[in-house]
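# coordinates only, sequence not included:
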């Protein structure tokens, strides 16, 4: 009898059961005009999440931010590379003096300004 009780208490594996607060058990039906429906679908696609998750985030936070476009992701990568170059130039300037890397710094600053202008437009 004691062995049976120990067997029942043992971890049986699998995913732990969700609590009542975590379960998605309520369904909500919303009627909307065609233009509103397609506006919602477009925003959901840009955010890269499901419609239900989009609406839950809107309810919780009041806003959902769009995912970065591939173009903006490329600009961020360029800025990361330029930041690495800038750190290398700072190290070089500390070792050999600022005069030796002055021109390289000006060129890099101009390239950074170009990328930032592309992002802001």
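The structure has been received and is ready for your questions. Here the structure is a predicted model, which is why all the values come from computation and not from measurement. Residues are numbered from 1 along each chain as shown.

# C-alpha only now, for contacts and for neighbours.
Will do.

# outside of the helix or strand containing residue 117, which residues touch it?
Per DSSP states H and E: residue 117 is located in helix 102-120. Outside helix 102-120, the residues that touch it by C-alpha atoms under 8 Å, 6 or more residues apart in numbering are 72, 75, 78, 79, 82, 86, 89.

# Show me which of those residues is closest to residue 51.
Ranked by distance to residue 51 (C-alpha to C-alpha), these are led by residue 72 at 24.2 Å.

# Using the three-state scheme, assign the residue nearest the centre of the chain.
What sits nearest the mean C-alpha location of the chain, by C-alpha atoms, centre = their mean, is residue 67, with 6.6 Å. Following DSSP: H, G, I helix; E, B strand; the rest coil, we place residue 67 in the coil state.

# Wait, it touches residue 43, no?
No: using C-alpha atoms under 8 Å, residue 67 is not in contact with residue 43; the gap is 10.2 Å.

# hang on, the earlier thing: what about the helix holding residue 117, average pLDDT?
Averaging pLDDT along helix 102-120 gives 86.

# Buried ones in that helix, by neighbour count?
By neighbour count on 16 or more other C-alpha atoms under 10 Å, the buried set for helix 102-120 is 105, 108, 112, 115.

# What is the nearest of those to residue 57?
Nearest to residue 57 among the buried residues of helix 102-120, with distances taken as C-alpha to C-alpha, is residue 115, at 31.8 Å.

# Quick one: residues contacting residue 76.
Contact analysis of residue 76 by C-alpha under 8 Å, 6+ apart lists nothing.

# Quickly find the element holding it.
Assigned by DSSP H and E, residue 76 belongs to helix 70-96.

# can you give me the offset of that helix from its chain's centre?
Its chain's C-alpha centre and that of helix 70-96 lie 22 Å apart, by C-alpha atoms, centre = their mean, to the nearest Å.

# Distance check, residue 48 against residue 69.
Residue 48 is 11 Å from residue 69, where distance means C-alpha to C-alpha, to the nearest Å.

# any common contacting residues for these two?
Here residue 48 and residue 69 share no contacting residue, scored by C-alpha under 8 Å, 6+ apart.

# So for these two, which residue has more residues nearby?
Counted by other C-alpha atoms under 10 Å, residue 48 and residue 69 do not tie: residue 48 has more neighbours, with 13 against 10.
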